[in-house]
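# Build me a model from this:
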Amino acid sequence: QNKDALLCLLTDVIDAEVMDAAPHLNVIANYAVGYNNIDLEAATERSIMVANTPGVLTDTTADLAFALLMACARRIVEADQFMRKGNYRGWSPMLLLGSDVHHKTLGLVGFGRIGQAMAERALGFRMKVLYHDQTRLPERIEKQYHAEYRQLPDLLRESDFVSLHVPLADSTLHLIGSEQLSLMKPTAILINTSRGPVVDEKALVAALENSQIGGAGLDVYESEPDFQPELAQMSNVVMLPHVASASVETRTKMAVMAAENACAAVRGEMPPNIVNPSAGPS
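The predicted structure is shown next:
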């Protein structure tokens, strides 16, 4: 009740009831880039500043997203399990054939920091990069990343890999559903390291069961920690437990940034990474 600052995780639901239980609360410092776990409107109404930890996890998340892409394309998890089960009997020309990544087309849905970092990695594999965002970016940025803008349906039709990098909002809830999945190539792979509810998980299961798409690499789920149980039975799905930013270096930077946000607010200053500046000091 007497606390001025709250440091919280993405898994902590901070609603109006929590805020009212802490009448002296001045700042909520989220240990995450996303802040959909916080009732931002309620915080702003109570002049409670909300801050997040952007930027520091960009490269680490992009590394993980590209690792998922590679794991799905080259069937790395299947191959590892094959070896651990003692099934290897020697080289075979048809054993665990996957698909190439180099020279393929990568479609990036969301072209902010992480989407652009993914584009940088894709260029190293000489991939064609397409992107979709709410608005088309300036030509200089497109040239910098050798990226071509597409409307979402066209991106889905053309891409061999589709990687999602959008925040969770009303406009992105179930952004990828049955209709969108039906547009993808039957060999295409969907990668999601953004937020689980961006994908209609039941629709994804149906698309995989019906071979509408070739596979999926998932780090996030619609109702974490729960997920559609069918996913765990599919050999063409690679599943991770929301670890996109899970490197020692990045998690340390996130902790420091969250603490700096809280300390700034307690000192009466605007937190460096405030997301509702209207709640800050005038």
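# got a list of contacts for stretch 95-109?
Applying CB atoms under 8 Å, 6 or more residues apart in numbering, the contact partners of stretch 95-109 are 69-70, 73-75, 78-79, 82, 115, 118-119, 122, 125-132, 147, 150, 152, 155-156, 158-166, 175-176, 187, 214. C-beta: built from backbone N, CA, C; applies to glycine.
# Now go through the residues you listed and say which are in helices.
69-70, 73, 78-79, 82, 115, 118-119, 122, 152, 155-156, 158 (DSSP state H).
# For the residues you listed, which single residue is the most surrounded?
residue 118 (30 neighbours; other CB atoms under 10 Å).
# isn't that one right next to residue 65, touching?
Yes - applying CB atoms under 8 Å, one finds residue 118 in contact with residue 65, separated by 5.9 Å.
# Find residues that contact each of those two.
With CB under 8 Å, 6+ apart, residue 118 and residue 65 have common neighbours 163, 165.
# Distance-wise, check the closest residue to residue 186 other than its chain neighbours relative to residue 185.
Of all residues not flanking residue 186 in the chain, residue 211 sits nearest, at 6.0 Å (CB to CB, 6 or more residues apart in numbering). Distance of residue 211 to residue 185, computed by CB to CB, to the nearest Å: 11 Å.
# neighbour count winner among those two?
residue 185 (17 against 10).
# Do I have it right that that one meets residue 212?
No - taking CB under 8 Å as the definition, residue 185 is not a contact partner of residue 212, at 9.3 Å.
# Identify the contacts common to the two.
Counting by CB under 8 Å, 6+ apart, nothing touches both residue 185 and residue 212.
# Just give me the residue right at the centre of the chain.
residue 194 (1.7 Å; CA atoms, centre = their mean).
# didn't that one look like it was pressed against residue 220?
Yes - counting by CB under 8 Å, residue 220 is a contact partner of residue 194 at 6.6 Å.
# Contacts only, for residue 28.
5-6, 8, 14, 38, 43, 48-51.
# Give me the subset of those lying in helices.
Using DSSP H, those in helices are residue 43.
# quick check, nearest of the contacts of residue 28 to residue 258?
Of all these, residue 258 sits closest to residue 51, with 7.5 Å by CB to CB.
# Retrieve the pLDDT associated with the closest one.
With respect to pLDDT, residue 51 has a value of 98.
# Now for it: which residues touch it?
Shown in contact with residue 51 (CB under 8 Å, 6+ apart): 27-30, 258, 261-262, 265, 271-275.
# How about residue 224?
With CB under 8 Å, 6+ apart, residue 224 has these contacts: 11, 196, 242.
# Go again with 7 Å.
196, 242 (CB atoms under 7 Å, 6 or more residues apart in numbering).
# Repeat that for the one 10 residues further on.
The contact partners of residue 234, taken as CB under 7 Å, 6+ apart, are residue 208.
# circling back to that earlier point, which of the contacts of residue 28 fall in strands?
Here DSSP state E is the test, and the contacts of residue 28 give 5-6, 8, 49-51 as lying in strands.
# Which of those residues sits closest to residue 232?
residue 8 (29.4 Å).
# And that closest one, how close does it get to residue 83?
From residue 8 to residue 83 the distance is 41 Å (CB to CB).
# Give me the more crowded residue out of these two.
Higher neighbour count among residue 8 and residue 83: residue 8, with 19 against 10, using other CB under 10 Å.
# May I have the beta-bridge partners of the more buried one?
residue 30 (DSSP bridges).
# What is the most widely separated pair among the ones in helices among the contacts of stretch 95-109?
Distances among these were taken as CB to CB; the most separated pair is 82 and 152, at 36.3 Å.
# Return the alpha-carbon coordinates of stretch 140-148 using CSV.
Extracted C-alpha coordinates of stretch 140-148, given in CSV (Å, rounded to 0.1, in the frame of the first residue of the first chain):
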residue,chain,number,x,y,z
ARG,A,140,15.6,4.9,-47.8
ILE,A,141,14.7,2.3,-45.2
GLU,A,142,13.5,-0.1,-47.8
LYS,A,143,16.8,0.3,-49.7
GLN,A,144,18.8,-0.1,-46.5
TYR,A,145,17.3,-3.5,-45.9
HIS,A,146,16.6,-4.5,-49.5
ALA,A,147,13.0,-5.0,-48.5
GLU,A,148,9.9,-4.7,-50.7
